[in-house]
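>>> dropping the sequence and predicted coords here.
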Amino acid sequence: MKTNEIIIVGGGSAGWMTASILIKSFPHKKITLIESPEVPKIGVGESTYEGINFYLEYLEIDRKDFFIHADASIKLAIQFRNFYKESGEKDFIYPFGRPNTVGSTWGLQDWAVKKCLKKDTPVQEYAQFYFPAASLVKYNSMSDDHINLQGFDPILYTALHFDAIKFSEWLKNNYAMPRGVGNIVSTVKNIVCNEQGIDYMILSNDQIVKADLYIDCTGFQSLLIGDALNETFNSYSEILPNNNAWATQIPYKDRSIELENVTRCTALKNGWCWNIPLWSRLGAGYVYSDKYTTSEDALKEFKNYLKNDLSIKRTEKEISELEFRNIKMRVGIYENVWSKNVVAIGLSAGFIEPLESNGLFSVHEFLFELVRAMSRDDITQWDKDVFNKAVRDKFDNFVEFIKLHYALSTREDSQYWKEISNQKYDFSLMQKNNISSHLYDVQKIKTSLSLEAPEMGGITWICAGMNYFLLDEVSLRLGEIMSKRNYGEEFEKSIEFLEQRKNKWDSLAKNSLSTEEYLENKYYKN
């Protein structure tokens, strides 16, 4: 199969991110993007993972240009509120980057030993011990001092908030089209298929278009891979029931306070709310399941959150002046994301739910896999199979991670939380994919009495925040008996070092520029 001529159907962030990376990687291919003037853009993907930095670096996009045109801000972590219990529990964060274990005795287990021996150790301290970024989050500040903030990379260890619609328009007009991507503004009226997949398409202006490879970026509609090819869709709604989101945009009242360096996620009675600070405004939404509440009641709950739970409260009048959109979500993924001569990218391929900012993450991660596959001149079924295996593994990996946020919750204040937190956790996906960095490894650590905890990405930080630890007192005591060592004596020196280091990071963060001042000076000052 050749891929010399490529047609992308659908604009928005998925479409123009696809067009941009393909024209960058394959400048001699003929790439055309068709976008319909009749289809509104969802435009809610405002929060990302640190992988977005690799995408921008790969495209060689000037970072200042990106910030200015995408209304961007810095994101150091994801902050969770009320996920473990409905009240009485402090926030916890999941920082980006790699934990700094230099100077520790047993790496990430030093803190776990401390928690075993000193029960009143706060769970928030776990991230604070190993991530300089946790100190910056604590004081809502930002610094490029990577020397004193040991192990902190101000680009690779951060993620971004930005306006997805503004970003896609900027990519379209300043990157993709100037490099040769064609643009047709029309609606696909009819799709004609053959044994190889799509043969050709007829547009609303009766134009006939034909390509070697078609890329579906039509969102939840999945016009090509779903409607035309009738590829099998695997729903995950039984695992993750959230299927709706109310969304709104909020003007700042005091940006110096409200422009925080985290995406905040707050659990409510029937779901959870996001709070995303862009440079010029806030983005907020309420993710819920219509199995447990109506859209009307969810909107009331969301408005009450906006009045009382933002950094600065809003009045009834201020809330009434906002515009609200209810977005229907389809949770799951196609059996074959690359089927015949069609590849799906973005919402058209699959979606989990907005928790942990996985929407745009799947776009650039699937695109990197696509570029790898297309690096050969001729595409075989092997290439398609490898691509499909890679993206499904990434997707299923993330599904397990998202499910963990609910499985560890002890909330029982509504039918939603009673059911979603008491589902049987299915380990089959991670076992099938041979994922060695997930929950069953926690059990291995305990049963083997090992103090060598692996760096398991966000798993460890979510577990700790939810009061579930990599080490328990029984395992620690058995380890002492079997090894004839006194961990209580051994760990004191290491803990003292980690506490002193945390205090140093706190002092530096406290005296650094605020997040707003940092962004103003680095990106937005003329």
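Cool, the structure landed.
>>> which stretches in the stretch 251-400 of the chain count as helices?
Taking DSSP state H, counting those that start in this stretch as the criterion, the stretch 251-400 of the chain carries its helices at 255-258, 295-308, 316-320, 358-374, 381-407.
>>> name the residues of the last one that are buried.
The one in question is helix 381-407. Neighbour counts over helix 381-407 (16 or more other CB atoms under 10 Å) mark 383-384, 387-388, 390-407 as buried. Every C-beta, even on glycine, is put in place using the N, C-alpha and C of the backbone.
>>> got it, and the first one?
Buried residues in helix 255-258, counting neighbours by 16+ other CB under 10 Å, are found at 255, 258.
>>> what's in contact with that helix?
252, 277, 282, 310, 311, 312, 514, 516 (CB atoms under 8 Å, 6 or more residues apart in numbering).
>>> pretty sure the fifth one sits against residue 262.
No: the pair residue 311 and residue 262 fails to qualify as a contact (CB atoms under 8 Å) at a distance of 11.1 Å.
>>> neighbour-wise, which of the two wins?
Between residue 311 and residue 262, residue 262 has the larger neighbour count (other CB atoms under 10 Å), namely 27 against 16.
>>> need the three-state assignment for the nearest residue to that one once chain neighbours are set aside.
Leaving aside its chain neighbours, residue 262 sits nearest to residue 79 (4.4 Å; criterion: CB to CB, 6 or more residues apart in numbering). Three-state assignment for residue 79 (DSSP: H, G, I helix; E, B strand; the rest coil): strand.
>>> check contacts around residue 79.
91, 92, 93, 137, 262, 263, 264, 265.
>>> which of the residues you listed scores worst on pLDDT?
The member of the contacts of residue 79 with the lowest pLDDT is residue 91, and it reads 88.
>>> any idea how many residues pack against that one?
Residue 91, neighbours per other CB under 10 Å, totals 16.
>>> give me the pLDDT for the nearest residue to residue 361 once chain neighbours are set aside.
Nearest residue to residue 361, sequence neighbours excluded (CB to CB, 6+ apart): residue 49, at 4.5 Å. Listed pLDDT for residue 49 reads 86.
>>> wait, residue 5 sits on residue 214?
No: using CB under 8 Å, residue 5 is not in contact with residue 214; the gap is 9.9 Å.
>>> for these two, indicate the residue with more neighbours.
More crowded of residue 5 and residue 214, by other CB under 10 Å: residue 214, with 27 against 15.
>>> tell me the SS of the more buried one?
Put simply, residue 214 is strand when judged by three-state DSSP.
>>> and it, how close does it get to residue 339?
The gap separating residue 214 from residue 339 is 10 Å, by CB to CB, to the nearest Å.
>>> hey, what's in contact with both of the two?
Common contacts of residue 214 and residue 339, defined by CB under 8 Å, 6+ apart, comprise residue 197.
>>> tell me the mean pLDDT for stretch 318-337?
96.
>>> I meant stretch 405-413, not that one.
Average pLDDT, stretch 405-413: 92.
>>> ok now it, how far from the chain's centre?
In terms of CA atoms, centre = their mean, to the nearest Å, the centre of stretch 405-413 is set 20 Å apart from its chain centre.
>>> ok, now how distant is the spatially closest residue to residue 266 that is not a sequence neighbour from residue 173?
Among residues not flanking residue 266 along the chain, residue 81 sits closest, at 4.3 Å (CB to CB, 6+ apart). Per CB to CB, residue 81 is found 39 Å from residue 173.
>>> I figured residue 224 hits residue 213, correct?
No: taking contacts as CB under 8 Å, residue 224 lies outside contact range of residue 213: 10.9 Å.
>>> more neighbours, the two?
residue 224 (30 against 25).
>>> domain parsing for the protein?
The chain breaks down into these domains under automatic domain parsing: 5-46+163-235+332-401, 98-157+420-513, 244-328.
>>> below-threshold pLDDT in the stretch 301-450 of the chain: ranges please.
426-450 (pLDDT under 70).
>>> same for the helix or strand containing residue 23, what does it pack against?
In this assignment (DSSP states H and E), residue 23 forms part of helix 12-25. Applying 3 or more CB pairs under 8 Å, 6 or more residues apart in numbering; DSSP states H and E, one finds that helix 12-25 contacts strand 5-9, strand 30-35, helix 51-58, helix 164-171, helix 358-374.
>>> between strand 5-9 and it, find me the angle.
Counting by axes from the mean of the first three to the mean of the last three CA atoms, to 10 degrees, helix 12-25 lies at 160 degrees to strand 5-9.
>>> shouldn't residue 220 be within a strand?
No: read with three-state DSSP, residue 220 is helix and lies in no strand.
>>> point out the most buried one among the helices and strands packed on helix 12-25.
Of these, the one with the most neighbours on average (mean count of other CB atoms under 10 Å) is strand 5-9, at a mean of 24.
>>> partners of that strand in the sheet?
strand 30-35 (parallel), strand 213-216 (parallel) (DSSP bridges).
>>> mind putting the domains of the chain in TSV, distance to residue 411 included?
As requested, these are arranged in TSV below (distance: least, CB to CB, whole Å):
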stretch	distance to residue 411
domain 5-46+163-235+332-401	15
domain 98-157+420-513	6
domain 244-328	7
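>>> spatially, what comes nearest to residue 192 if we skip its sequence neighbours?
Leaving out its chain neighbours, the residue that sits closest to residue 192 by CB to CB, 6+ apart is residue 199, at 4.8 Å.
>>> then residue 383?
Leaving aside its chain neighbours, residue 383 sits nearest to residue 373 (4.7 Å; criterion: CB to CB, 6+ apart).
>>> residue 103 too?
Spatial nearest neighbour of residue 103, excluding adjacent residues (CB to CB, 6+ apart): residue 497 at 4.9 Å.
>>> what packs against whichever helix or strand that neighbour is part of?
Per DSSP H and E: residue 497 is located in helix 487-510. In terms of contacts (3+ CB pairs under 8 Å, 6+ apart), helix 487-510 is packed against helix 109-117, helix 125-130, helix 132-139, helix 473-483.
>>> buried stuff in stretch 514-526?
For stretch 514-526, a neighbour-count test (16+ other CB under 10 Å) marks 514, 515, 516, 518, 519, 522, 523, 524 as buried.
>>> tell me the one of these nearest residue 368?
residue 523 (25.6 Å; CB to CB).
>>> now render the contacts of residue 79 as JSON lines, adding distance to residue 358.
Below are these laid out as JSON lines (distance: CB to CB, whole Å):
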{"residue": "91", "distance to residue 358": "21"}
{"residue": "92", "distance to residue 358": "19"}
{"residue": "93", "distance to residue 358": "17"}
{"residue": "137", "distance to residue 358": "21"}
{"residue": "262", "distance to residue 358": "17"}
{"residue": "263", "distance to residue 358": "12"}
{"residue": "264", "distance to residue 358": "17"}
{"residue": "265", "distance to residue 358": "12"}
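>>> what's the distance between the closest residue to residue 407 other than its chain neighbours and residue 399?
In space, and not counting its chain neighbours, residue 407 is closest to residue 425: 4.9 Å by CB to CB, 6+ apart. Counting by CB to CB, the separation of residue 425 from residue 399 is 11 Å.
>>> can you list the weak-confidence ranges in the stretch 1-150 of the chain?
Within the stretch 1-150 of the chain, the stretches with pLDDT under 70 are 41-45, 88-89.
>>> state the mean pLDDT of stretch 201-209.
Stretch 201-209 comes out at a mean pLDDT of 95.
>>> circling back to that earlier point, so which of the contacts of helix 255-258 sit within strands?
Among those, the ones falling in strands (DSSP state E) are 277, 282, 514.
>>> which of those sits closest to residue 40?
Using CB to CB, residue 282 comes nearest to residue 40 of the ones in strands among the contacts of helix 255-258, at 21.3 Å.
>>> from residue 273, how far off is that closest one?
Per CB to CB, residue 282 is found 11 Å from residue 273.
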